[in-house]
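**Student:** A predicted structure for the sequence below; I have some questions about it.
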Amino acid sequence: MSFMAPMAEEPFYRSQPDKGFESCNFSYNAEKVQIHNARPAKDRFQLDTHGFAYVDDAEGAAFVEQLRKNEDGAKERYYGHVERLVKKHTGASRVVVFDHTMRRREPSLAGKNPDGREQPAAYVHIDQ
């Protein structure tokens, strides 16, 4: 896997930099890592301890399959489901889903996606 190399300054990435500006100021270091299937141990992960938890959600999986075929109305059809699911598993009284991105890699759109969002990375990444 590739990880950002250590650096002294704050990293930045610009998906469509203006002429004369760099798209990023960092580089990557390749590291060997072992990847394990966490599904058999999914009940061991707790939100308060690990910062994430696994939740079985067959209804949500069905929503995602529908959205892959037709993203129209995603907010109306899926956001409420996600809000209820997060409330149920966290005890939150209010949940706000503020954005979503359907990942469909089209290399021809790299750097010039009509909606201004960059195409999904061709490598492991996190969108937080």
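**Tutor:** Okay, I see it.

**Student:** how about the helices in the protein?
**Tutor:** Using DSSP state H, the helices of the chain run over residues 47-50, 58-69, 74, 80-90.

**Student:** for this protein, what are the low-confidence residue spans?
**Tutor:** Along the chain, segments meeting pLDDT under 70 span 101-128.

**Student:** do that again at 90, thanks
**Tutor:** 1-4, 7-8, 12-17, 23-24, 28, 35, 38-39, 51-52, 54-82, 97-128 (pLDDT under 90).

**Student:** all strands for it, in order.
**Tutor:** Using DSSP state E, the strands of the chain run over 2-4, 28-30.

**Student:** with distance to residue 79 and mean neighbour count added, can I get these in CSV?
**Tutor:** Placement of C-beta: from N, CA and C, glycine included. As requested, those are exported to CSV (distance: least, CB to CB, whole Å; neighbours: other CB atoms under 10 Å):
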stretch, distance to residue 79, mean neighbour count
strand 2-4, 32, 11
strand 28-30, 34, 9
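
**Student:** tell me which of these sits nearest to residue 81.
**Tutor:** Among the strands of the chain, the nearest to residue 81 by CB to CB is strand 2-4 (33.9 Å).

**Student:** that closest one - contacts with which helices or strands?
**Tutor:** Applying 3 or more CB pairs under 8 Å, 6 or more residues apart in numbering; DSSP states H and E, one finds that strand 2-4 contacts strand 28-30.

**Student:** which of the helices of the chain is buried the deepest?
**Tutor:** Burial of these is given as mean neighbour count (mean count of other CB atoms under 10 Å); helix 74 ranks first at a mean of 16.

**Student:** wait, which of the strands of the chain is closest to residue 84?
**Tutor:** Across the strands of the chain, residue 84 has its closest neighbour in strand 2-4 (35.7 Å, CB to CB).

**Student:** listing partners with orientation, what would you give for the closest one?
**Tutor:** The strands beside strand 2-4 in its sheet (DSSP bridges) come out as strand 28-30 (antiparallel).
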